[in-house]
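Q: Sequence plus predicted model, see below.
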Amino acid sequence: RYRKSWNALTVLSLSIGQDALGCTPLQLANLAAIIANLHDIFIVLGIFSVMQWEFSLPVLAAVLAVLGYSVNESVIIFDRVREHFRTMRRADTMEVINSAITATISRTVITHTSTLCMTLSMFFFGGPALHYFSLALTIGILLGVYSSVFVAAAIALYLGVKREDLVKQRKRDEVEEMVP
């Protein structure tokens, strides 16, 4: 029983390690997003483990929904970082990432607050069938905001993501072909 979970963790660790050792610059941003998403999952699972709460199929569904939220938020933030690298040509990486986070923070707070209201109403009014499901979603949504905004960007900075990594420079010949 435990052997299967250790095998899965070993494969996951080896694949992340392989990515870290042979990364192209674009993959560094991907690696930062992956680490931030795994951060959410491991903390939710860790809280359930430490508190010895029941882990059932609905809780697994909630953990996968948290992963979906985290992936979506990471994609939105890194896409905004890429857009800001294109528009803020003279700014350094730290300024661009701060600007991108500032641009997405209101959307992030509104989206996660409305979802949090739904999960809290399921927690308080859903009965015992939805108790652990909504609890896992609530914890995961709170962590998702934190990790997508702060952890992913900090890891990207630590890994040394630069403008050249996210914005493809077009060659002069390609631009001349595009312009009539």
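A: Ah, there it is.
Q: Could you list the low-pLDDT ranges of this structure?
A: Scanning the chain with the threshold set as pLDDT under 70 gives 1-29, 164-180.
Q: residue ranges for the strands of it, please.
A: Read by DSSP state E, the chain holds no strands at all.
Q: top helix in it by residue count?
A: Ranked by residue count, the top helix of the chain under DSSP state H comes out as helix 93-125.
Q: quick check, distance from that helix to the centre of its chain.
A: 12 Å (Cα atoms, centre = their mean, to the nearest Å).
Q: for stretch 127-141, same thing?
A: 20 Å.
Q: got the buried residues for it?
A: By neighbour count on 16 or more other Cβ atoms under 10 Å, the buried set for stretch 127-141 is 130, 131, 132, 133, 134, 135, 136, 137, 138, 139, 140, 141. For every residue, glycine as well, the C-beta is placed using N, CA and C.
Q: same thing with stretch 60-70?
A: Buried-residue list, stretch 60-70, by 16+ other Cβ under 10 Å: 62, 63, 65, 66, 67, 69, 70.
Q: Spit out the contact partners of the last one.
A: This means residue 70. Shown in contact with residue 70 (Cβ atoms under 8 Å, 6 or more residues apart in numbering): 36, 37, 40, 41, 140, 144, 147, 148.
Q: try 6 Å
A: If a contact means Cβ atoms under 6 Å, 6 or more residues apart in numbering, then residue 70 has 37, 40, 144, 148 as its contacts.
Q: This protein: helices as residue ranges?
A: Secondary structure of the chain by DSSP H: the helices cover 2-21, 25-51, 57-87, 93-125, 131-146, 152-159, 163-166, 172-178.
Q: Most tightly packed of the ones you listed?
A: helix 131-146 (a mean of 22; mean count of other Cβ atoms under 10 Å).
Q: List the neighbours of that helix that are in contact with it.
A: Here helix 131-146 makes contact (Cβ under 6 Å, 6+ apart) with 40, 43-44, 47, 53-54, 58-59, 62-63, 66, 69-70, 112, 115-116, 119, 122-123, 126.
Q: That one vs helix 93-125, what angle?
A: Taking axes from the mean of the first three to the mean of the last three Cα atoms, to 10 degrees, one finds helix 131-146 and helix 93-125 inclined to each other by 160 degrees.
Q: check contacts around the closest residue to residue 152 other than its chain neighbours.
A: With sequence-adjacent residues excluded and distances taken as Cβ to Cβ, 6 or more residues apart in numbering, residue 152 is closest to residue 36, at 3.6 Å. By Cβ under 6 Å, 6+ apart, the contact set of residue 36 is 74, 147, 151, 152.
Q: repeat that with 7 Å
A: Contacts for residue 36 (Cβ atoms under 7 Å, 6 or more residues apart in numbering) come out as 70, 74, 147, 148, 151, 152, 155.
Q: Name the nearest of these relative to residue 106.
A: Taking Cβ to Cβ as the measure, residue 106 lies nearest residue 148 of the contacts of residue 36, at 14.1 Å.
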